[in-house]
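Enquirer: Fold the following and give me the result.
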Amino acid sequence: MSRIIFVTVGSTGFDQIISLVTSTPFLQLLISQGFAKLVVQYGKSRNSFIKMQNNFINEIEIIGYDYKPSLREDMKIADLIISHAGSGSILEILRLYKPLIVVANENLMDNHQIELAIELQSKGYLVYSSISNLLETLKSFNYKNLIPFPQPNDTLFANILNEEMNVDI
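Expert: Here you go, the predicted structure:
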């Protein structure tokens, strides 16, 4: 069975990760791990995606695009997802119960995204990696060690509202 890896950078650019996931060493590693398809949502990093080497065009299918109204279908078919550290993307992926490696774009933000990724890693929901360690992280990544993300508590808001305002919902 051929495996699919999906990489998403969100609405901004993230040239470092796009350059890395389309590099020869990364593509060789994907092929050695049984991946047959790499889908890349590259956002504003189109130039980094276009510069990729096409040495592996017969061994791995590479598809890229800037934006779509929804990434959900690409996420659902993926066997592994590598994502930027945006909280919306992380939660959507975790709720799909997909193995997730999060890489923060350290050029974009203060440390709140890194803090979120590290906290979720400490709970076993995902693996956090820096750009410089991503190849090594992928080599040693063990899906079986991840803990499924808990379902949201649909009654939590109603319970809080009831407690605070004595209103039964």
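
Enquirer: Now do the same contact list for the spatially most central residue of the chain.
Expert: In the chain, the C-alpha nearest the mean C-alpha coordinate belongs to residue 83, at 2.3 Å (Cα atoms, centre = their mean). Listed by Cβ atoms under 8 Å, 6 or more residues apart in numbering, the contact set of residue 83 reads 7-8, 10, 89-90, 93, 100-103. Placement of C-beta: from N, CA and C, glycine included.

Enquirer: Sitting in helices, which of these do you find?
Expert: By the criterion of DSSP state H, membership of those in helices covers 89-90, 93.

Enquirer: Could you dump those into TSV with pLDDT added?
Expert: Converted to TSV, these look like this (pLDDT from 0 to 100):
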residue	pLDDT
89	94
90	95
93	97
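
Enquirer: Can you tell me which of these are classed as buried?
Expert: 89-90, 93 (16 or more other Cβ atoms under 10 Å).

Enquirer: Can you lay out those as TSV showing distance to residue 26?
Expert: Formatted as TSV, the entries for these read as follows, by distance: Cβ to Cβ, whole Å:
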residue	distance to residue 26
89	20
90	22
93	20
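
Enquirer: Among these, which one lies nearest to residue 153?
Expert: If you rank these by distance to residue 153 using Cβ to Cβ, residue 90 comes first, at 18.3 Å.

Enquirer: Identify the bridge partners of the residue nearest to the centre of the chain.
Expert: Beta-bridge partners of residue 83, counted by DSSP bridges, are residue 8, residue 102.

Enquirer: Check what pLDDT it gets.
Expert: Here, the pLDDT recorded for residue 83 equals 97.

Enquirer: do residue 1 as well
Expert: The predicted local confidence for residue 1 is 65.

Enquirer: one step back: where is pLDDT lowest across the contacts of residue 83?
Expert: Lowest pLDDT within the contacts of residue 83 is found at residue 10 (90).

Enquirer: ok so, going back, measure the residue nearest to the centre of the chain to residue 164 for me?
Expert: From residue 83 across to residue 164, the span is 35 Å (Cβ to Cβ, to the nearest Å).

Enquirer: from the chain's centre, how far out does the helix or strand of the chain with the lowest mean pLDDT sit?
Expert: Lowest on mean pLDDT, DSSP states H and E among the helices and strands of the chain sits helix 156-165, with a mean of 77. Averaged C-alpha coordinates place helix 156-165 at 34 Å from its chain's average position (Cα atoms, centre = their mean, to the nearest Å).

Enquirer: and what of stretch 48-68?
Expert: Relative to its chain's centre, stretch 48-68 lies at 17 Å (Cα atoms, centre = their mean).

Enquirer: Let the chain start at 12 from now.
Expert: New numbering, starting at 12: the last item is stretch 59-79.
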